[in-house]
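Enquirer: Sequence below, structure please.
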Amino acid sequence: MQSFRTEIENPIVEKDIIDLANKIEMFHNGKIDEEKFRSLRLARGVYGQRQEGVQMIRIKLPYGKVSSEQLRRISDVSEEYSIGRLHITTRQDIQIHFVDLNRTPELWAELEQSDITLREACGNTVRNVTASETAGIDVDEPFDVSPYAHALFQYFLRNPISQELGRKFKVSFSSSDADTGLSYMHDLGFIAKIENGIIGFKVMLGGGLGSQPRHADELYSFLPADKIIPLMEGVVRVFDRYGERKSRAKARLKFLLKDLGLEGFKALLEEEQIAIPVKTFPIDAAAYPKPRIAGAVVPEVEIKDQKAFENWKSTNIIPQKQEGYVAIGIKVLLGDFYLKEARALADLVEKYAASEIRLSLRQNIIIPYVKVESIPFFYTELEKLGFTEAGYNKGIDITACPGTDTCNLGIASSTGIAAELERVMKVEYPDYINNPDVVIKISGCMNACGQHNMANIGFQGMSVRTKAKLVAPALQVLLGGGNIGNGEGRFADKVVKIPSKRGPEALRIILNDFDANGNGLSFPDYYAEKEQMYFYDLLKHLTDVENLTPEDFIDWGNSEEYVQAIGVGECAGVVIDLIATLLLESEEKIQNAEATLENGKWAASIFHSYASMVNTAKALLTAENVKTNTHISIIKDFDEKFVASERISLVGGFENLILQINKNEPTQEFATQYLKDTKEFLKKVQIFRQAELAEV
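Expert: Residues are numbered from 1 along each chain as shown. Model (predicted):
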């Protein structure tokens, strides 16, 4: 613990890391129940792996920007605590695997020395803020969205309103109408716009993937940039209070939008306005750090294979709006690369570019600010690292989540089938190396971390059962999804489910038909023309599971027979008093309210008090086996079960007491009174609980 105190300058971060270490110890000693500990560690980027006893660590990298120093730090940490493999995610994070839970606090402490956080990389929080990987260099962008994405990231990091949501909350920024940030599938998506000389955004609300994808609604056709943070605070507050909490399958914002309708949601959003501490939040884009271009002169090089070089240039060079510069796209197979490549890349961009790389939504890497005359030199250097495969963001560039390799939720292999499909594409469909119109994505389960249901051609890991009750790995084939632009997109249709080993044959049938009959259309347009049943008929013969061979029962990348198994998390090993734990948490939240009040953070103190009251009410309702699915249901049910029946005396009722939060401005006076009310409420409940236990 002491080492954390001496090495970390930021006292807030220091406290966070020490708190994680203390909670790990309490978990091992059975003082925190498994579910609560899971929530706490996930909010700190620590995710249980499929393999027992080790963790996946997700490193939060806002909009995928990574400096040379940060890349070296991540490499050093991976070498010390993990297995040396870095995995780029579809949300521009980096994951490392097989980490000992007990070492996660010191791992985090080392990362923070280079301003890298794990905080809220997982869990029911505001997740990593993603953005177009070409932000700042995009030839079509009206302005650089990076400062706005960064400001939003900073505002919500450790913000009390977004620490214990009912489910995760995802935000994206798109640098142009091409919508490369995929706004239509996010809880909140922002697309850069300028109207009448004012910088702002088109705002999309309530999109999502998963087993039931939903296209986001247009909330604003244009919102000035100084309004985006107050807007998001209001959206998060409504989601926190009204969003589902019990059933994970219905807990995303998209389901709340579906239930309330856009107008109903807007009405609740309006009710929250008085509680939001800032009505405008100007973002000083001019203060955002400018890129520092290295001045080193590149050595003269000789290109040995000119044809390969020209082929690579045709697919992997990205135009840049800054004259004299280009960006280089690096195709990273399955998003996995290793320490040798990472460190060499850090040195290369520091000496000859702008000391940064960008991670893309398709699990690739971009090097911005490469001088045009330096392209041959970069090619030769990247070639030494195995980073010159052509086809960046083209048809042969397949996206896949980790699937059953490490993920607890994986049903079938996604990385194994992805590697095989890439091989098929390279060998049998070499022309697709220049085709940007076919996007293939793979997920190992319905949760869509590989974004399969927004792909032109998508595969989802499943299982199939024969009449003899034998189980084999399978793939759901989805077709026709795609990004249209400016907040519009299509979700793919489920066409057929086939044994996994038939995935390559399915791909061949689809592409052969497209090549023969596409007539110059993009794949999504071709699919829309032919429609679902046409492709069902094409692929139906692959669905027969009564003629499986022994090979069909072995998943891609495996040698043993397939067993459907969804991993489980850690076990605390003891039974604890859940009600007592909830009430203890209420006391902790009151301590947080006191600390933030003392520091002059009125809005934060008010929210901590609110969270304590909700938690306290939840404790008693849990004791009575009453569902606690949403905050608003907790509030109303507490009035019905305890106040109306006069089991607990509250003048005016609990709803009037707690919902003062959205009827008062966040002033010092109100924060002080609200904290006092919170303490009195907890005391009443504790007395009630003690009397109740004494009667048992």
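
Enquirer: Can you list the residue ranges for helices in the stretch 251-400 of the chain?
Expert: Ranges of helices in the stretch 251-400 of the chain, per DSSP state H, counting those that start in this stretch, are 253-271, 306-316, 339-352, 375-384.

Enquirer: elements contacting the helix or strand encompassing D19?
Expert: According to DSSP states H and E, D19 maps onto helix 11-28. Judged by 3 or more CB pairs under 8 Å, 6 or more residues apart in numbering; DSSP states H and E, the packing partners of helix 11-28 are helix 2-7, helix 34-42, helix 104-112. (Glycine included, C-beta is placed from N, CA and C.)

Enquirer: got CSV for those, with distance to S413 too?
Expert: Output for those, formatted as CSV (distance: least, CB to CB, whole Å):
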stretch, distance to S413
helix 2-7, 39
helix 34-42, 24
helix 104-112, 27
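
Enquirer: Need the winner for burial among the ones you listed.
Expert: helix 104-112 (a mean of 22; mean count of other CB atoms under 10 Å).

Enquirer: and the angle for it with helix 11-28?
Expert: Computed with axes from the mean of the first three to the mean of the last three CA atoms, to 10 degrees, the direction of helix 104-112 lies at 160 degrees from that of helix 11-28.

Enquirer: Convert helix 104-112 to CSV, retaining C-alpha atoms only.
Expert: As requested, the backbone C-alpha atoms of helix 104-112 are provided in CSV (Å, rounded to 0.1, in the frame of the first residue of the first chain):
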residue,chain,number,x,y,z
THR,A,104,-4.2,-5.4,-10.0
PRO,A,105,-3.7,-2.4,-7.6
GLU,A,106,0.0,-2.2,-8.3
LEU,A,107,-0.6,-2.8,-12.0
TRP,A,108,-3.0,0.1,-12.0
ALA,A,109,-0.5,2.3,-10.0
GLU,A,110,2.2,1.8,-12.6
LEU,A,111,-0.2,2.7,-15.5
GLU,A,112,-1.3,5.9,-13.8
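
Enquirer: Excluding its own residues, what touches that helix? List them.
Expert: 3-4, 7-8, 10, 13, 17-18, 20-21, 24, 41, 44-46, 55, 57, 59, 73-74, 76-77, 80-81, 99, 117-118 (CB atoms under 8 Å, 6 or more residues apart in numbering).

Enquirer: follow-up on the earlier one: is it possible to get JSON lines of the helices of the stretch 251-400 of the chain that adds mean neighbour count?
Expert: As requested, these are exported to JSON lines (neighbours: other CB atoms under 10 Å):
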{"stretch": "helix 253-271", "mean neighbour count": "17"}
{"stretch": "helix 306-316", "mean neighbour count": "16"}
{"stretch": "helix 339-352", "mean neighbour count": "19"}
{"stretch": "helix 375-384", "mean neighbour count": "18"}
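
Enquirer: out of the ones you listed, nearest to L548?
Expert: Evaluated over the helices of the stretch 251-400 of the chain, closeness to L548 peaks at helix 253-271, with 36.8 Å, by CB to CB.

Enquirer: now that closest one: how far from the chain's centre is it?
Expert: Averaged C-alpha coordinates place helix 253-271 at 22 Å from its chain's average position (CA atoms, centre = their mean, to the nearest Å).

Enquirer: From the contact counts, what lies against it?
Expert: strand 198-205, strand 217-224, helix 228-242.

Enquirer: Any stretches of this protein with poor pLDDT?
Expert: 1-7, 405, 408, 564-577, 695-696 (pLDDT under 70).

Enquirer: okay but Y674 is in contact with I658, surely?
Expert: No - using CB atoms under 8 Å, Y674 makes no contact with I658, being 9.1 Å away.

Enquirer: if we can go back for a sec, right, so of the helices and strands packed on helix 11-28, which gets closest to V298?
Expert: helix 104-112 (31.5 Å).

Enquirer: Next SSE downstream of the closest one?
Expert: strand 130-131.

Enquirer: List the strands paired with that following strand, with their directions.
Expert: Take DSSP bridges as the rule and strand 130-131 pairs in its sheet with strand 171-174 (parallel).

Enquirer: Surely V643 and G652 touch.
Expert: No - the criterion here is CB under 8 Å, and V643 misses it with G652 at 9.2 Å.

Enquirer: okay, these two: which has more neighbours?
Expert: Taking neighbours as other CB atoms under 10 Å, V643 and G652 compare with V643 leading, 19 against 8.

Enquirer: now that one: how far from R689?
Expert: 16 Å (CB to CB, to the nearest Å).
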